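> how does the following fold in three dimensions:
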Amino acid sequence: MQNSNAKLSLTSRIFIGMIAGILIGFTLQLGNYLNGDLDFQVFSITFSTYGFFVEGIFHAGGKIFINALKMLVVPLVFVSLVCGTSSLSDPSKLGKLGGKSIALYMFTTFVAVTFAMTSALLFKPGAGFQAPSDTPEYVAKEAPSLVQVIIDMVPSNPISSMAEGQMIPIIVFAILFGISMSYAGEAGKRLSGFFNDLNEVIMKIVTIVMNFAPYGVFCLIAKLSATIEWRDIFAIGAYFFNVLIILILHAIIVYPLLLKLTTGLNPLILLSKLKEVAAFAFSSASSSATLPLTIATARQKLGVSRSVSSFTLPLGATINMDGTAIMQGIATVFIAQAYQVDLSTVDLLMVVLTATLASVGAAGVPGVGLILLAVVLQQVNLPVEGIALIIGIDRLLDMTRTVVNVTGDSTIATIVAKTEGELDEDIYHDRALAKQKSVVE
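As a prediction, the model looks like this:
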């Protein structure tokens, strides 16, 4: 008898995992609120029901799954980027490819933060919201200067960069390695065959890990639903829905419009083929963790060539932060209104500029969203402790921000591929591919 799971696509199974996680997590939180934490015994050992499931099984299951995905990111990025770069018929095209990718990422970030701030100024999510006098102080980690980021792009020890997961130095070293292979003659060709085989093996590992995605997603969503403070959402609902609506509009209007204007391609096809990537990005809240699936989808469902997808998508997962830029723009206006501080035109322009530049400047820094927001607030003399007002619901919005970011990554990769003659339009226009099972199943 055929396994019933084989009849369901990975998207469907992830969606089922998400719904089950929401229901079970919310049930645990509601039960804990109404009846208190209940204990049970197994082999004379007493367990807390809430703690056993939420801090035990769900926490461990979610962490293990995310760790398994992050385990793949460095080897996948390095190997695929080496393969893509070494396969370029003209390595001099790489400068044009990189410049176009970065310019498009910066442009969409600029549009995102401008769009976000305009909406916040119009709808005033912080109007009437009185910041409590006992707001806890938020201590922000220091973000590196732009000069330091540029210096750190060239790794002094590439092995150390790989061990620490520093993506920009890895990308730089992989590009240099791939270019050198293309100029190394027969030795480069022999090494190219090895890397292509290694890339196939890594993609098989991706297949294995992704088959556990529904269970990992279930654990992640169940813990989130069981621990989220719903009263925080109601308390700052105007801010929450302002960010959520602009994130959705940016994904379904700005990106499709940019794709249509620059390439003439039908953006509805792209959005339909990204539904699996979007579902996974939402549940994992990590562009890096979603990267294996994003690359596979771009190549096999959108028709983006290996050379473009191997370069543009890892770069986008590192520096493209449109979702974060939207949060920064609205959060800055919200905090200013909550503390009854008027922002001048110069302040508003400074927020746009700082948020756009910081999308590159904070590459590789943990906790990037809140770090960047702290930098923006300091730039316009707003209290950094205002971050504490929104930190309670940031996780839920972070999941949506990740969907926006990976949608932007895939859109830019498609635009670059089309304008560079590296897009297989037969694959792109094949709508049947949108209904096929996961490319990593």
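> in this structure, which spans are strands?
Ranges of strands within the chain are 39-42, 45-48, based on DSSP state E.
> could you tell me the least trusted of those?
Lowest mean pLDDT of those: strand 39-42, a mean of 52.
> would you put the C-alpha positions of stretch 284-292 in PDB?
What follows is stretch 284-292, C-alpha atoms only, in PDB (Å, rounded to 0.1, in the frame of the first residue of the first chain):
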ATOM      1  CA  SER A 284      11.600  29.000   9.900                       C
ATOM      2  CA  ALA A 285      11.900  32.900  10.000                       C
ATOM      3  CA  SER A 286      15.400  32.500   8.500                       C
ATOM      4  CA  SER A 287      16.400  33.500   4.900                       C
ATOM      5  CA  SER A 288      19.600  31.400   5.400                       C
ATOM      6  CA  ALA A 289      17.700  28.300   6.500                       C
ATOM      7  CA  THR A 290      15.400  28.700   3.500                       C
ATOM      8  CA  LEU A 291      18.400  29.200   1.100                       C
ATOM      9  CA  PRO A 292      18.700  25.500  -0.100                       C
END
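> and it, how far from the chain's centre?
How far stretch 284-292 lies from its chain's middle: 6 Å, per C-alpha atoms, centre = their mean, to the nearest Å.
> for stretch 170-177, same thing?
Chain-centre distance of stretch 170-177: 22 Å, with C-alpha atoms, centre = their mean.
> show me the contact partners of it.
Identification of contacts with stretch 170-177 by C-beta atoms under 8 Å, 6 or more residues apart in numbering yields 74, 77-78, 81-82, 85, 94, 153-155, 158, 161-162, 311, 314-315, 318. (Each C-beta comes from the backbone N, C-alpha and C, glycine too.)
> low-confidence ranges, the stretch 251-400 of the chain, go.
Scanning the stretch 251-400 of the chain with the threshold set as pLDDT under 70 gives 357-371, 392.
> one more time with 90, if that's ok
Along the stretch 251-400 of the chain, the model assigns pLDDT under 90 to residues 275-276, 279-293, 295-296, 300, 305-325, 327-328, 335-400.
> what are the ranges of the helices in it?
With helices called from DSSP state H, counting those that start in this stretch, the stretch 251-400 of the chain shows them at 255-263, 267-273, 275-284, 287-300, 306-319, 322-338, 345-361, 368-379, 394-419.
> counting contacts, what elements does the fourth one pack onto?
What it means is helix 287-300. Judged by 3 or more C-beta pairs under 8 Å, 6 or more residues apart in numbering; DSSP states H and E, helix 287-300 is in contact with helix 59-86, helix 186-210, helix 275-284, helix 306-319, helix 394-419.
> what's the answer for the third one, then?
Packed against helix 275-284 by the contact rule (3+ C-beta pairs under 8 Å, 6+ apart) you find helix 10-35, helix 213-227, helix 287-300, helix 394-419.
> all good on my end, thank you.
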